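[1] Sequence plus the predicted model coming up.
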Amino acid sequence: MESTATPRTVLVTGGNRGIGFAIARAFLEHGYRVAVTARSGDGPIGSMTVRADVTDSDSLDAAFTAIEAELGPVEILVANAGITKDTLLLRMSEDDFTSVIDTNLSGAFRVVKRASKNMLKGRFGRIILVSSVVGLLGSAGQVNYSASKSGLIGLARSLTRELGSRNITANVVAPGFIETEMTAVLPPEQQAKYLSSIPAGRFATPDEVAGVIVWLAGDDAAYISGAVIPVDGGLGMGH
């Protein structure tokens, strides 16, 4: 007898480029129904793209409402949207700091809060927060970014304690250096310096990060929650 279960619905924030695009594409390849939020551009073919800004609760609410009408309640949330405003501490303005926190950390809170209502109702949820190796390793010139990314760990662990009995998991994936348009523009000597600090001796592909996230959303990872899973080639060991 064939299964009549419908595929689960996934939302990837910032799914129009880089890691987010690869995550959305990987879920599509595994048969999920996929929506992405984007401020501009579109997700992969086969996904539903909705315009939303994670710093604006009203735009997120409208995006969720549109997704729910088209694909059903969001059961798997990948909070991936993020920005950087890198500069050394003494040059960093208060806006450089607060705007990065507002997108990367408060933005995750906003989407998690909106998604959790239906997850609680359906007694199923997978919340995956995309952090960074620098959230625990630290990085000169990135006190704003690294603070926002380490904050996601406290968020996931508190969610686990709060929602864990309702079949909802919350985990953090912490990528290292990834082959994206951001690393492609680094000068060769900077790339060589980064590579020398990575035991694997290479950058990750976006698909390697996406594969871990799809696995976390699946049945095999149902008993994993509050975890920080590094995808960094050994760069952040010991954290």
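    Now that the structure is in, tell me what you want to look at. Residues are numbered from 1 along each chain as shown.

[2] In the protein, what helix or strand scores lowest on average pLDDT?
    The weakest-scoring helix or strand in the chain, judged by mean pLDDT, DSSP states H and E, is helix 181-184 (a mean of 71).

[3] contacting residues for Ile198?
    Taking Cβ atoms under 8 Å, 6 or more residues apart in numbering, we find Ile198 in contact with 176-177, 232-235. All C-beta atoms are positioned from the backbone trio N, CA, C, and that covers glycine.

[4] top helix in this structure by residue count?
    If you go by DSSP state H, the chain has its longest helix at helix 143-163.

[5] Now that one: buried residues?
    Residues 143-153, 155-157, 159-160, 163 are the ones in helix 143-163 that count as buried (16 or more other Cβ atoms under 10 Å).

[6] hmm, back to that, any chance of the contacts of Ile198 in CSV, with secondary structure too?
    Converted to CSV, the contacts of Ile198 look like this (DSSP: H, G, I helix; E, B strand; the rest coil):
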residue, secondary structure
Gly176, coil
Phe177, coil
Asp232, coil
Gly233, coil
Gly234, coil
Leu235, coil
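
[7] Most neighbours among those, which one?
    Among the contacts of Ile198, Asp232 has the most neighbours (other Cβ atoms under 10 Å), with 24 neighbours.

[8] separation between that residue and Leu152?
    For Asp232, the distance to Leu152 equals 15 Å [Cβ to Cβ, to the nearest Å].

[9] what's the answer for Gly234, then?
    21 Å.

[10] what ranges of the protein fall below the confidence cut-off?
    Within the chain, the stretches with pLDDT under 70 are 1-4, 181-182, 239.

[11] any chance you could map the helices in it?
    Using DSSP H, helices in the chain cover 18-29, 57-71, 94-101, 107-122, 134-137, 143-163, 181-184, 188-196, 206-217.

[12] Just want the angle from the longest strand anywhere in the chain to helix 18-29.
    The residue-count maximum for a strand in the chain (DSSP state E) belongs to strand 168-175. In terms of direction (axes from the mean of the first three to the mean of the last three Cα atoms, to 10 degrees), strand 168-175 departs from helix 18-29 by 130 degrees.

[13] Show me what strand 168-175 is packed up against.
    Judged by 3 or more Cβ pairs under 8 Å, 6 or more residues apart in numbering; DSSP states H and E, strand 168-175 is in contact with helix 107-122, strand 125-130, helix 143-163, helix 206-217, strand 228-231.

[14] Could you rerun that using 10 Å?
    Applying 3 or more Cβ pairs under 10 Å, 6 or more residues apart in numbering; DSSP states H and E, one finds that strand 168-175 makes contact with helix 18-29, strand 76-79, helix 107-122, strand 125-130, helix 134-137, helix 143-163, helix 206-217, strand 228-231.

[15] In its sheet, which strands sit next to that strand, and in what direction?
    In the sheet, strand 168-175 lines up against strand 125-130 (parallel), strand 228-231 (parallel) (DSSP bridges).
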